[in-house]
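Peer 1: The following comprises the amino acid sequence and a computationally predicted model.
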Amino acid sequence: MTLDAQNEGTIIMGTSKELDHLTHPEIKKIIGNQILIKNTDQNEMVLRVSSVQISTSMAERKNIGICIGKLESSNLIQAGATVYRLEDR
């Protein structure tokens with residue numbers, strides 16, 4: 001899911017079961033300064049991360065928001081896109 005926040009720009013939001021057991025600092029370190037977005041049509045984009053917000057649900061799931069600054073359009077990121085750290089490519 002993506003949303004546009006007036007002051008932050010585009011924010012990509014999602015969960016990953018593989019990250020649920022990690023601490024917030026560990027998750028931020030894994031995400032790093034750049035991410036790779038692979039859309040369902042296989043188009044790829046490398047984007048700079050300006051901030052990461054993490055909350056933990058009552059079910060102990062990590063909800064992660066990655067701010068990538070201002071995009072021309074949040075439609076550049078399709079529903080169902082996959083986010084990778086660059087090393088995972």
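Peer 2: Ah, there it is.
Peer 1: Report the central residue of the chain.
Peer 2: residue 66 (3.9 Å; Cα atoms, centre = their mean).
Peer 1: Look at that one and give its secondary structure.
Peer 2: Under DSSP: H, G, I helix; E, B strand; the rest coil, residue 66 falls in the strand class.
Peer 1: nearest residue to it other than its sequence neighbours?
Peer 2: residue 12 (4.7 Å; Cβ to Cβ, 6 or more residues apart in numbering). Placement of C-beta: from N, CA and C, glycine included.
Peer 1: pLDDT score assigned to residue 33?
Peer 2: Listed pLDDT for residue 33 reads 93.
Peer 1: pLDDT below threshold where in this structure?
Peer 2: Within the chain, the stretches with pLDDT under 70 are 73-74, 87-89.
Peer 1: how about the helices of it, start to end?
Peer 2: 24-31 (DSSP state H).
Peer 1: my guess is the residue nearest to the centre of the chain meets residue 83, correct?
Peer 2: Yes: contact criterion Cβ atoms under 8 Å: residue 66 and residue 83 qualify, at 7.0 Å.
Peer 1: which residues do the two both contact?
Peer 2: 12, 35 (Cβ atoms under 8 Å, 6 or more residues apart in numbering).
Peer 1: residues in contact with the residue nearest to the centre of the chain?
Peer 2: For residue 66, the contact set (Cβ under 8 Å, 6+ apart) comprises 11-13, 31, 35, 49, 51-52, 83.
Peer 1: and these, which two are the farthest apart?
Peer 2: 51 and 83 (14.8 Å; Cβ to Cβ).
Peer 1: So for these two, which residue has more residues nearby?
Peer 2: Taking neighbours as other Cβ atoms under 10 Å, residue 51 and residue 83 compare with residue 83 leading, 18 against 13.
Peer 1: ok, what's across the strand from the more buried one?
Peer 2: On the basis of DSSP bridges, residue 83 is bridged to residue 37.
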